[in-house]
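Engineer: one predicted model, sequence on top.
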Amino acid sequence: MSTDLAVQYRQDFPVLSLVKEGKSLVYLDNGATTQKPRVVADRMYQFYTQEYGTIHRGVYFLSQQATSFYDEVREKVATFLNASRSEEIIFTRGTTEAINLVASCVSRHWLKAGDEVIVTGMEHHANIVPWQEACLASGAVLKVVPITQAGELDMDVFRQLVSAKTKFVSVVHVSNALGTINPVKDIVDLAHSVGAKVLLDGAQAVSHMPIDVRQLDCDFYAFSSHKLFGPTGVGVLYGKYQLLDELPPYQTGGDMIETVTFDCTTYAKPPAKFEAGTPSIAEVIGLGAAIDYVTNVGFDFIGKHEAELLNYATQKLVALPGIRLIGTAREKASVLSFVIDGIHPHDVGTILDECGVAIRAGHHCAQPIMAYFGVPATNRASFSFYNTVEDVDRLVDAVRYCQGVML
């Protein structure tokens with residue numbers, strides 16, 4: 001396995017050396033948020049202590065320099081996603097705000113009574129509730145594509161749901177609760193065949209695989225910095241420029257206007273039209289450093305190593321008695337959700353923490369998935385390229401210990 005290189009990369013993440021009560025940290029909650037390499041923190045510290053200034057507002061050196069740094073990251077993100085132009089990149093507070101932005105603007109501009117919006121049964125709450133609100137506001141109808149016992153989309157039903165009434169489809173690229181990698185290119189093509197627009201929730205995808213929005217041909221793509229080894233408080237919305245230009249603004253205020261009088265206001269062109277107020281400048285710069293870091297590591301290594309870890313962990317866990325996997329799709333990213341007979345997931349999470357193993361226990365903001373599988377919650381171990389075989393062994397040992405204590 002590629003553990004030697006993973007061990008080398010671990011040195012870039014100071015928190016992974018943490019020892020608490022004699023136990024070294026095994027961090028397996030990467031699906032919630034990834035740890036940060038030293039270069040990201042260093043870059044933000046340098047900006048705050050030596051380069052800080054607001055952007056787009058000053059003629060003095062620090063402001064001009066900060067503006068340059070900020071705009072360079074927009075270019076960097078455009079390259080990272082293979083967008084056609086940097087103006088297709090909007091900085092948001094995260095995936096949730098990006099989806100809310102699109103849903104709000106779409107409900108006011110494109111949707112009307114009788115139209116249909118399609119989501120799926122494996123969505124994060126952040127890709128369900130905004131569309132419920134959009135449908136309430138516009139009179140549109142929300143349709144839901146079911147999932148199978150393997151945790152895959154029922155594509156036959158999907159094809160049946162898509163019709164001339166379908167105006168928008170919003171689908172998760174990789175499920176945060178199941179790890180399923182959805183056939184998003186097929187979904188985009190299917191939606192476009194009836195003239196519908198598509199948003200892909202890429203929060204769980206961008207740290208595991210290269211994303212090419214032009215190849216996918218999606219209309220919108222959203223992700224969060226903090227799941228890509230960058231800081232919290234910033235995210236990205238990609239949108240095809242002609243669509244961004246057509247949509248109304250999401251929020252109003254400074255930096256998104258062209259002219260203001262008490263009689264009339266005109267708005268700036270994208271992306272400024274969707275970036276009202278002073279943005280998270282240092283966090284955007286931190287995101288740029290994170291993208292540089294991930295690009296240097298390379299998705300060839302990331303994909304190969306994480307697939308090896310997922311396969312190894314799956315084999316080890318299913319060999320234990322009383323383990324039920326939740327999500328066994330043929331195409332998965334590095335998420336392993338499971339329940340243990342007779343032990344509530346919250347108890348599992350607590351006991352594993354005592355063993356130095358950090359996993360997520362809960363419904364993962366995906367309550368419809370939990371209802372479908374008939375469980376209140378699951379245990380979720382999610383892997384990154386800095387995890388090792390030894391981390392998996394610690395996980396399995398901790399699960400075995402948990403069963404010994406609780407059963």
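Structural biologist: Yes, it's here.
Engineer: wait, V294 sits on K227?
Structural biologist: No - in this structure, V294 is not within contact of K227 by Cβ atoms under 8 Å, at 11.1 Å. No exception for glycine: its C-beta is placed from N, CA and C like everyone else's.
Engineer: mutual contacts of these two, please.
Structural biologist: Common contacts of V294 and K227 (Cβ atoms under 8 Å, 6 or more residues apart in numbering): S207.
Engineer: who has more neighbours, these two?
Structural biologist: K227 (25 against 21; other Cβ atoms under 10 Å).
Engineer: what residue spans form the domains of this protein?
Structural biologist: 3-30+298-406, 41-295 (automatic domain parsing).
Engineer: is the closest residue in space to V318 that isn't next to it in sequence bridged to anything, and to what?
Structural biologist: Once flanking residues are discounted, V318 sits nearest to L325: 6.5 Å by Cβ to Cβ, 6 or more residues apart in numbering. Beta-bridge pairing of L325 under DSSP bridges involves F338.
Engineer: my read: L325 touches T314, true?
Structural biologist: Yes - between L325 and T314 there is a contact at 7.2 Å, judged by Cβ under 8 Å.
Engineer: list the residues that contact both of these two?
Structural biologist: Common neighbours of L325 and T314 (criterion: Cβ under 8 Å, 6+ apart): L336.
Engineer: you'd agree R400 is in a strand?
Structural biologist: No - assigned with DSSP: H, G, I helix; E, B strand; the rest coil, R400 falls outside any strand and is helix.
Engineer: check which helix or strand covers the closest residue to it other than its chain neighbours.
Structural biologist: With Cβ to Cβ, 6+ apart as the criterion, R400 has its nearest non-adjacent residue at 6.4 Å, and that residue is L320. Under DSSP states H and E, no helix or strand contains L320.
Engineer: roughly how far apart are L320 and T314?
Structural biologist: Distance of L320 to T314, computed by Cβ to Cβ, to the nearest Å: 11 Å.
Engineer: more neighbours: these two, which one.
Structural biologist: Remark: of L320 and T314, T314 carries more neighbours, 16 against 13, as counted by other Cβ under 10 Å.
Engineer: residues touching that one, list them.
Structural biologist: 325, 336.
Engineer: and the residue nearest to V318, how many neighbours?
Structural biologist: Using other Cβ under 10 Å, L325 is surrounded by 16 other residues.
Engineer: with Y241 instead?
Structural biologist: 16.
Engineer: now it: closest residue in space that isn't a chain neighbour?
Structural biologist: Per Cβ to Cβ, 6+ apart, closest to Y241 is E88, 5.1 Å.
Engineer: so what's that neighbour up against?
Structural biologist: 78, 238-241, 244, 270-271.
Engineer: who wins for neighbours among the residues you listed?
Structural biologist: Neighbour max across those (other Cβ under 10 Å) = G239, 30 neighbours.
Engineer: report the beta-bridge partner residues of it.
Structural biologist: With DSSP bridges as the rule, G239 is bridged to F220.
Engineer: mind checking how far it is from P271?
Structural biologist: Distance, G239 to P271, by Cβ to Cβ: 9 Å.
Engineer: joint contacts of the two?
Structural biologist: 88, 90.
Engineer: in this protein, which spans are helices?
Structural biologist: 3-10, 38-46, 61-81, 95-109, 129-138, 155-161, 184-192, 213-216, 241-246, 281-297, 299-318, 345-354, 367-373, 389-406 (DSSP state H).
Engineer: could you tell me the least trusted of these?
Structural biologist: Here the lowest mean pLDDT among these goes to helix 3-10, at a mean of 90.
Engineer: who's in contact with stretch 148-166?
Structural biologist: With Cβ under 8 Å, 6+ apart, stretch 148-166 has contacts from 114-118, 120-122, 141, 143, 145-147, 169, 175, 178-180, 182-183, 186-187, 190-191, 193-196, 326-330.
Engineer: now which of those residues would you call buried?
Structural biologist: 115-118, 120-122, 143, 145, 147, 169, 175, 178-180, 182-183, 187, 190-191, 196, 326-329 (16 or more other Cβ atoms under 10 Å).
Engineer: picking up where we left off before, per-residue confidence for the residue nearest to Y241?
Structural biologist: 98.
Engineer: and what of the one 5 residues further on?
Structural biologist: According to the predicted model, the pLDDT of R93 comes to 97.
Engineer: which ones are touching it?
Structural biologist: Counted by Cβ under 8 Å, 6+ apart, R93 has contacts 233-235, 280.
Engineer: how close does the residue of the chain most remote from its centre sit to V318?
Structural biologist: Here the chain reaches farthest from its C-alpha mean at D263, the gap being 40.8 Å by Cα atoms, centre = their mean. Applying Cβ to Cβ, the value for D263 to V318 is 68 Å.
Engineer: what does G286 give?
Structural biologist: If you go by Cβ to Cβ, the gap between G286 and V318 works out to 39 Å.
Engineer: which of those two has more neighbours?
Structural biologist: With neighbours defined as other Cβ under 10 Å, G286 and V318 compare such that G286 has more, 29 against 13.
Engineer: how close does the more buried one get to G94?
Structural biologist: 14 Å.
Engineer: give me the common contacts of those two.
Structural biologist: 225, 234.
Engineer: so which residue is dead centre in this protein?
Structural biologist: Taking Cα atoms, centre = their mean, the centroid of the chain lies closest to A203, which sits 0.9 Å from it.
Engineer: H226 is in contact with that residue, correct?
Structural biologist: No - using Cβ under 8 Å, A203 is not in contact with H226; the gap is 9.5 Å.
Engineer: per-residue pLDDT, the residue nearest to the centre of the chain?
Structural biologist: A203 is assigned 98 on the pLDDT scale.
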